[in-house]
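K.L.:
give me a 3D structure for the following:
(chains A and B)
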Amino acid sequence: MFKYVLKRLVMMIPVLIGVSLVIFTMVFLTPGDAAEMILGDLGTPEDKALLREELKLDEPYLVRYIDYIKDLVLEGDLGTSYTTKRPVLNEILERFPTTVQLAGMSVILASVIGIVAGIISATKQYSIFDNIATAVSLFGVSMPNFWTGLMLILIFSVHLELLPSSGFHAPRYWILPVVTLGASNAASIMRMTRSSMLEVIRQDYIRTARAKGQIERVVIMKHALKNASIPILTTMGLTFSKMLGGAVLTESIFAIAGIGKLMVDAIKLRNTPVVQGGVIFIAFAVSIVNLVIDIICAYIDPRIKSQYVSGKPKKKKQAKEGVSANG
Amino acid sequence: MDSSMTAKPNSKNKGQSMDVLRRLFRSKGAVVGLVIITVLLIFAIFADFIAPFGYDDQLLSRRLQAPSSEHLLGTDDYGRDIFSRIVYGSRTSLLIALLSVAFSSVIGVAIGCIAGYYGGRTDNAIMRFIDILLAIPSILLAISISAALDPGVINLVVAVGIGAMPPYARIVRASVMSERDKEYIEAARSIGANDFRVLIKHVLPNVMAPIIVQSTMSISTAIITAASLSFIGLGIAPPTPEWGSMLSAGRAYIRDAWWVVTFPGLAIMSAVFGFNLLGDGLRDALDPKLKN
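P.N.:
Numbers count the residues shown, from 1 in each chain, chains lettered A, B, ... in the order given. So this is what the prediction gives:
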């Protein structure tokens, strides 16, 4: 297992280098002059030329990229923000906990609602609850979360005056953004839970468990849910990693000082070091989250773990463990 | 050769298509989805006849008027009729969504076909590039691309399309890999068909089902992504009506004019809902095993 984790960490390096190359190229191709942006109308042509030289903006593409990667790998330096003149990494690290908190709370909310509703829907397939939950989840995945956020502000902040419409510094302020981000994701987790559970509860080992006289709650929670949990867990992990970079709009609507808002503000101001650094940092965070999810899946499902213990999958052992896992 | 023998595969294909259509129309959800999409398409095509006002007819004396018989969905801060702008906006939003899905599916299918068919180093190189794109959340990728390009429909299509491309490549690659070693492919190769012909004539028709489902589902994602980009000011520039930018402009008036932010959002939701319903229905119709 340790070897697997190490292998995955090593495999992240070329992906991150690739991400840095893609985003560096994109930023390089972006029209507009950084020196012009920083100095504005106040700077003289001489000042701008000096700044261009200082920021190495006149250097060829490849030289600039190699310098950037060298600074990143050797010193962990993601550059300096054009607007605040502070290291990009510091700006990101200051904002990142807020985004993690928002994403984490939203995933917990989405998972609790989605998994509970999905289990009930699957166990009572075609019941009124199932039909309503399926319809609501379809509405949920169809609602753009920036609109959900605006509607929640309209109802709970403007009309009912119950909750604040911006900020994230106290529990009262968490409710609307977390519900906004959690709602559509609850719908996708519910759909995944329902379909995974439906697939599992039709299998023979569930019938065997029932035939043995096992009570329904234990059959569902112990036998079915455990085997249906891998796709559910993967969806939760993907949802969380998507939120790390994709909470841009929620952060923007509720004026939350997270990494998404930092990125959008940087893009609008053509603050390229922050854009580059932000994307690389988020790609790194997403890769780590995906790795953690894979490790958790391996611990839950012995069939997956057996593939990692040795270099190649052990077919016989895998089949044997598959049988024992299925009861 | 007996003519009935040559006609057989065609009649079989026709029969299969009819089966799929029959299953599709039996699904209430898919029919509702189709109705919603048809209404939106009618809005988009006949906007000039349906919209009571032009999308940029401004009159400051009638700004921020609540919904009434004259202005069904009220007016915005420039006194423009919101219903008319939503009708015209369906043109922009659907155009961007459909073009970006066409863009991402063509590139994604081509990449997936090449990776899956040739395998080995080609596959490895292509899939590592896809891994790189997948490591960046799609909305962030679309934001970064649209920031690098000037605002406009085509650039928005490219931004949304590239962000949506990786799933196609993965799905098609997996399907092609499962098809490439089958006997009918070997038979096609043995009678001298080159790789391009084998891919286009033989492999592609057999991996169409997941592509169709992915495309329908992607349209709804593309509508949301395009609206999101416009919402943060990186999409369509005003005064062109686009649902996302209408929502963004209405944000400032949320306290005084609820209709300005409510109806464009409802339009986005209806379109996405329609394509999701149709996508679900198509998936079940094309592969009944996948139902649930």
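K.L.:
what distance do you get for B:Arg63 to B:Arg80?
P.N.:
9 Å (C-beta to C-beta, to the nearest Å). The way it works is simple: take the backbone N, C-alpha and C, and place the C-beta from them, glycine included.
K.L.:
of these two, which one has the most company?
P.N.:
A side-by-side neighbour count of B:Arg63 and B:Arg80, using other C-beta atoms under 10 Å in any protein chain shown, places B:Arg80 first with 22 against 15.
K.L.:
let me see the contact set for that one.
P.N.:
By C-beta atoms under 8 Å, 6 or more residues apart in numbering or on different chains, the contact set of B:Arg80 is B:Phe53, B:Tyr55, B:Asp56, B:Asp57, B:Gln58.
K.L.:
can you tell me the SS state at the first one?
P.N.:
So that's B:Phe53. The three-state assignment at B:Phe53 reads coil, by DSSP: H, G, I helix; E, B strand; the rest coil.
K.L.:
the nearest residue to B:Tyr78 once chain neighbours are set aside: neighbour count?
P.N.:
Using C-beta to C-beta, 6 or more residues apart in numbering or on different chains and skipping residues adjacent in sequence, the residue nearest B:Tyr78 is B:Gln58, 4.5 Å away. Here the count is done by other C-beta under 10 Å, and B:Gln58 has 15 residues near it.
K.L.:
A strand includes B:Gln58, no?
P.N.:
No. With three-state DSSP as the criterion, B:Gln58 is assigned coil and is not in a strand.
K.L.:
give me the pLDDT for it.
P.N.:
In this prediction, B:Gln58 carries a pLDDT score of 85.
K.L.:
next one: the one 10 residues further on
P.N.:
Listed pLDDT for B:Ser68 reads 92.
K.L.:
do A:Gln101 as well
P.N.:
The predicted local distance difference test score for A:Gln101 is 94.
K.L.:
could you say which helix or strand contains it?
P.N.:
A:Gln101 is part of helix A:88-123, with elements assigned from DSSP states H and E.
K.L.:
report whether the helix or strand following that helix contacts chain B.
P.N.:
Heading C-terminal from helix A:88-123, the first helix or strand you meet, by DSSP H and E, is helix A:128-142. Yes. Helix A:128-142 lies in contact with chain B when judged by C-beta under 8 Å from any C-beta of the partner chain; the contacting residues are A:Leu138, A:Phe139, A:Val141, A:Ser142.
K.L.:
in helix A:128-142, what's buried?
P.N.:
A:Asp130, A:Ala133, A:Thr134, A:Ser137, A:Leu138, A:Phe139, A:Gly140, A:Val141, A:Ser142 (16 or more other C-beta atoms under 10 Å in any protein chain shown).
K.L.:
could you point out the helix or strand that follows it?
P.N.:
Once the chain leaves helix A:128-142, the next helix or strand it forms, by DSSP H and E, is helix A:145-152.
K.L.:
check which helices and strands the helix holding A:Gln101 sits against.
P.N.:
helix A:128-142, helix A:171-201, helix A:225-246, helix A:248-253, helix A:259-268, helix A:272-300 (3 or more C-beta pairs under 8 Å, 6 or more residues apart in numbering or on different chains; DSSP states H and E).
K.L.:
what mean pLDDT does the fourth one get?
P.N.:
Helix A:248-253 carries an average pLDDT of 89.
K.L.:
other residues contacting that helix?
P.N.:
So helix A:248-253 is contacted by A:99, A:102, A:145-146, A:149-150, A:153, A:177, A:180-181, A:256-261, A:263-264, B:139-140, B:143, B:228, B:231-232, B:251 (C-beta under 8 Å, 6+ apart).
K.L.:
likewise stretch A:230-240?
P.N.:
For stretch A:230-240, contacts defined as C-beta under 8 Å, 6+ apart pick out A:103-104, A:107, A:110-111, A:115, A:118, A:185, A:188-189, A:192-193, A:196, A:289-290, A:292-293, A:296-297, A:300-301, A:304.
K.L.:
sorry, back to before: and of the contacts of B:Arg80, the nearest to B:Asp195?
P.N.:
For B:Asp195, the closest of those turns out to be B:Tyr55, at 48.5 Å, with distances computed as C-beta to C-beta.
K.L.:
one step back: narrow the contacts of helix A:248-253 to those that are buried.
P.N.:
A:99, A:102, A:145-146, A:149-150, A:153, A:177, A:180-181, A:256-261, A:263-264, B:139-140, B:143, B:228, B:231-232.
K.L.:
phi and psi next, for A:Met143.
P.N.:
Note on A:Met143: its backbone torsions stand at phi -90, psi 120 [degrees, to the nearest 10].
K.L.:
so who does it touch?
P.N.:
Listed by C-beta under 8 Å, 6+ apart, the contact set of A:Met143 reads A:Ala183, A:Ser184, B:Gly265, B:Met269, B:Val272.
K.L.:
what does B:Glu179 give?
P.N.:
Contact analysis of B:Glu179 by C-beta under 8 Å, 6+ apart lists B:Ile185, B:Val203, B:Asn206, B:Val207.
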